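Colleague: Curious how this folds, go ahead:
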Amino acid sequence: MPLSSRTTITLSALLTLLVMQGMIYLALSAPRLDVVLQPLPQEAQGLRVATVAPEGPNAGRLTPGNTVAAFLLPGGEIAATATLVVEEPDTLPDYRSYNRFMQDQQALATSLHEGTLALRLADGRQVALATRHSHLRDLPLLFWFQLFVGAAGVMTAAIVLALGKKSHATLLYALTGLGYLIFAPAAAVYSTRELALEGTVFRALSIVNHFGALFFTASLTALLWSYPRPLSRLPMVAISYAAALACWLL
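Modeller: Presented below is the predicted three-dimensional model:
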């Protein structure tokens with residue numbers, strides 16, 4: 001039995017709230033340093049300390065302009081490279097780099113949680129870092145914007161599906177909205193991390209983001225092929241989703 005318009009919108013809103021709460025929980029799970037690190041220009045080795053919060057746990061330990069050469073962990077060290085602070089790991093050149101990135105993220109996140117992370121600066125000094133618990137006010141505007149994109153996409157689609165004329169096109173449009181809810185909130189967590197996120201969580205969110213982006217693309221392709229009238233007799237809906245699934249599995 002088809003759902004009523006009210007039920008469709010209500011269930012969509014509840015699903016959206018559940019996803020948003022989950023992403024906020026994950027974003028707040030990492031301890032904070034209140035330090036912003038940025039890549040050095042012209043591919044120079046190391047990371048530059050851009051800002052240090054005056055009231056943060058590392059005020060007085062670091063100053064803006066310091067160059068970080070390496071992160072010191074109980075089990076060794078990780079070179080401070082621009083790769084560590086990349087927003088989107090999809091930009092890495094190969095799987096070896098991607099897997100190493102995830103391993104480094106896991107090691108850094110573990111050290112952050114244990115309170116054992118330190119830095120070696122370019123001048124040779126070693127600085128032990130302190131952390132604090134994360135709060136809602138710490139989440140940047142970009143995080144909330146990506147959550148809004150996911151929520152707006154799926155709720156717009158739900159309203160069109162619930163109140164619009166029931167057709168193949170409205171269903172495909174609704175599926176594009178579902179794609180927004182899958183890929184945007186997942187990216188919000190890892191793309192706005194301060195330094196590190198647990199590798200298993202990061203990898204899972206990245207995989208979810210890949211799936212959502214491909215699912216959205218397949219749905220949009222199928223919609224544009226089918227509406228306002230089919231462009232040909234090719235079963236493009238099935239082809240679009242099959243191609244997206246194959247790319248995701250690869």
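Colleague: chain center to the top helix by length along the chain, what's the gap?
Modeller: Using DSSP state H to assign secondary structure, the helix with the most residues in the chain is helix 199-226. When distances are taken as C-alpha atoms, centre = their mean, to the nearest Å, helix 199-226 is centred 13 Å away from the chain's centroid.
Colleague: which strands and helices sit next to that helix?
Modeller: In this structure, helix 199-226 makes packing contacts with helix 95-114, helix 168-191, helix 236-249, judged by 3 or more C-beta pairs under 8 Å, 6 or more residues apart in numbering; DSSP states H and E. In short, each C-beta sits where N, CA and C put it, glycine included.
Colleague: hey, which of those is tucked in deepest?
Modeller: Highest mean neighbour count of the helices and strands packed on helix 199-226: helix 168-191, a mean of 22 (counted as mean count of other C-beta atoms under 10 Å).
Colleague: Which neighbouring elements make contact with it?
Modeller: With contacts taken as 3+ C-beta pairs under 8 Å, 6+ apart, helix 168-191 sits against helix 5-27, helix 141-163, helix 199-226.
Colleague: model confidence over the last one, on average?
Modeller: This predicted structure assigns helix 199-226 an average pLDDT of 95.
Colleague: cool, the second one as well?
Modeller: On average, the pLDDT along helix 141-163 is 95.
Colleague: quick one, it and helix 5-27 angle?
Modeller: 160 degrees (axes from the mean of the first three to the mean of the last three C-alpha atoms, to 10 degrees).
Colleague: circling back to that earlier point, the helices and strands packed on helix 199-226: which one's closest to residue 151?
Modeller: Relative to residue 151, the nearest member of the helices and strands packed on helix 199-226 by C-beta to C-beta is helix 168-191, separated by 7.3 Å.
Colleague: ok, now which ones touch the most centrally placed residue in the chain?
Modeller: In the chain, the centroid-proximal residue (C-alpha atoms, centre = their mean) is residue 187; its distance is 2.1 Å. Each residue near residue 187 by C-beta atoms under 8 Å, 6 or more residues apart in numbering is listed here: 88, 146, 205, 209.
Colleague: Mind putting the residues you listed into a markdown table with neighbour count and distance to residue 175?
Modeller: Listed next are these as a markdown table, based on neighbours: other C-beta atoms under 10 Å; distance: C-beta to C-beta, whole Å:
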| residue | neighbour count | distance to residue 175 |
| --- | --- | --- |
| 88 | 11 | 24 |
| 146 | 21 | 20 |
| 205 | 20 | 21 |
| 209 | 23 | 17 |
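Colleague: Out of the helices and strands packed on helix 168-191, which gets nearest to residue 131?
Modeller: Each of the helices and strands packed on helix 168-191 was scored for nearness to residue 131 using C-beta to C-beta, and the closest is helix 5-27 (15.3 Å).
Colleague: show me where pLDDT drops low in this structure?
Modeller: Under the criterion of pLDDT under 70, the regions of the chain flagged as low confidence span 1, 42-44.
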